[in-house]
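Colleague: Generate a structure from the sequence data that follows.
(one chain, ligands or ions: 1)
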Amino acid sequence: MELKKKTSASPAVLHQGEFWFTELHAPGTGITFRVRRVLHWARTPFQELALVETEDMGRALFLDGTVQFTERDEFFYHEMLVHVPLCIHPRPRRVLIVGGGDGGCVREALRHPEVEEVTLVEIDGEVVDACRKHIPSVSSKLDDPRVRVLIEDGVAFLKRNRGTFDVIIVDSTDPVGMASPLTQAPFFRTAREALTPQGLYVAQSQGPIFDGREIGRIARAARKVFRHARHFMAPTPTYPGGLWTYLLAARGPKDPAGLRPRPLPRGERTRYYSAEVHRAAFVLPPFVRDFLP
Ligand code: AG3
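Modeller: Predicted coordinates for the structure are as follows:
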């Protein structure tokens, strides 16, 4: 019962002495994890942060009661968010990650030898500290010499860094509250200005089962700003609806959906991403296309 008191955003319940943690996807539908151990639970200045060890999915990070990743299925999301843009950019030397304080995108970006510097700008330093301490399988590359970790607001940072980044990756929470501006046209303009002329922008863009209208709204906002703004899709079993979309936009004249991916170096084994999966991810089924402008 003590655990129950600590929760607010997150429905967490005790069934017969067992602790179960639920994220609701709709008023009557959700995903539930049996929790073996709570590793860290805090209210930070920005959000409610929970790091837990689950029965089946490994360790997991929740922010305001929503699953950010589980160790068992984070590879779908982190591989697709990072390798799709990095395998098509001709020379991705400087990469910016906005959000993503767990380090999953950093880990994937460093697998590209062309990458000279990864800058991570995370607003909530407690996410970085807690993941460093408790989830090294995701966070361990945060201490690599090619990585710079800055704890500050991504919008302010982008405004000070024009024409700087080859690839900008936005690994944010759902577009509510403090993450909501990150899916709107003014932010897309700021991000476009921070890109180099061939620069690519990628962002997580919600799932079509429960948030199709949001995907459409994000696509319309992006098309006001970028010449090419495309969506691709991949599974992520523990996110709402199990299917997830990503926005890929280009500052330059080429449509990024048509570019051939460069293979990752030999020895860099991915579990979901491949050149074939990359191309297939841009083929959207009719019910998803119907949400897009
Ligand atoms: N950030 C995007 C998570 C969105 C999931 N939404 C949800 N569960 N309602 C993931 C951060 C991983 N680095």
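
Colleague: all contacts plus neighbour counts: C-alpha atoms, from now on.
Modeller: Will do.

Colleague: Could I get the buried residue list for whichever strand in the chain runs longest?
Modeller: When the chain is parsed with DSSP state E, its longest strand is strand 29-43. By neighbour count on 16 or more other C-alpha atoms under 10 Å, the buried set for strand 29-43 is 31, 33, 34, 35, 36, 39, 41.

Colleague: Mind giving me the packing neighbours of that strand?
Modeller: On a contact count with 3 or more C-alpha pairs under 8 Å, 6 or more residues apart in numbering; DSSP states H and E, strand 29-43 meets strand 18-26, strand 48-54.

Colleague: right, and residue 37 touches residue 58 too?
Modeller: No. Contact criterion C-alpha atoms under 8 Å: residue 37 and residue 58 do not qualify, at 10.8 Å.

Colleague: neighbours of residue 215, just the number please.
Modeller: Per other C-alpha atoms under 10 Å, the neighbour tally for residue 215 reads 24.

Colleague: In which helix or strand does it reside?
Modeller: helix 208-225 (DSSP states H and E).

Colleague: Now residue 249. Nearest residue, chain neighbours left out?
Modeller: Nearest residue to residue 249 in three dimensions, chain neighbours excluded: residue 229, at 4.2 Å (C-alpha to C-alpha, 6 or more residues apart in numbering).

Colleague: what about the one you found, distance to the ligand?
Modeller: Between residue 229 and the ligand the computed distance is 19 Å (C-alpha to the nearest ligand atom, to the nearest Å).

Colleague: do the same with residue 60
Modeller: Counting by C-alpha to the nearest ligand atom, the gap from residue 60 to the ligand is 10 Å.

Colleague: so that residue touches residue 53, yeah?
Modeller: Yes. Counting by C-alpha under 8 Å, residue 53 is a contact partner of residue 60 at 6.3 Å.

Colleague: can you give me the strands for the protein?
Modeller: For the chain, the strands defined by DSSP E occupy 12-15, 18-26, 29-43, 48-54, 59-63, 66-70, 94-99, 117-122, 147-151, 165-171, 195-204, 228-235, 243-250.

Colleague: averaging pLDDT over each of the ones you listed, which comes out lowest?
Modeller: Sorting the strands of the chain by mean pLDDT places strand 12-15 lowest, at a mean of 73.

Colleague: buried residues in it?
Modeller: In strand 12-15, counting by 16+ other C-alpha under 10 Å, buried: 12, 13.

Colleague: residues from the protein in reach of the ligand?
Modeller: Counting by C-alpha under 6 Å from any ligand atom, the residues of the chain close to the ligand are 66-69, 100, 102, 104, 171-174, 239-240.

Colleague: what residues are up against the residue positioned nearest the centre of the chain?
Modeller: Geometric centre of the chain, nearest residue: residue 171, 3.1 Å, by C-alpha atoms, centre = their mean. Counting by C-alpha atoms under 8 Å, 6 or more residues apart in numbering, residue 171 touches 97, 98, 99, 100, 105, 203, 204.

Colleague: Need the helices and strands packed on strand 29-43 in JSON lines (columns: mean neighbour count and distance to residue 196).
Modeller: Formatted as JSON lines, the helices and strands packed on strand 29-43 follow (neighbours: other C-alpha atoms under 10 Å; distance: least, C-alpha to C-alpha, whole Å):
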{"stretch": "strand 18-26", "mean neighbour count": "17", "distance to residue 196": "37"}
{"stretch": "strand 48-54", "mean neighbour count": "22", "distance to residue 196": "34"}
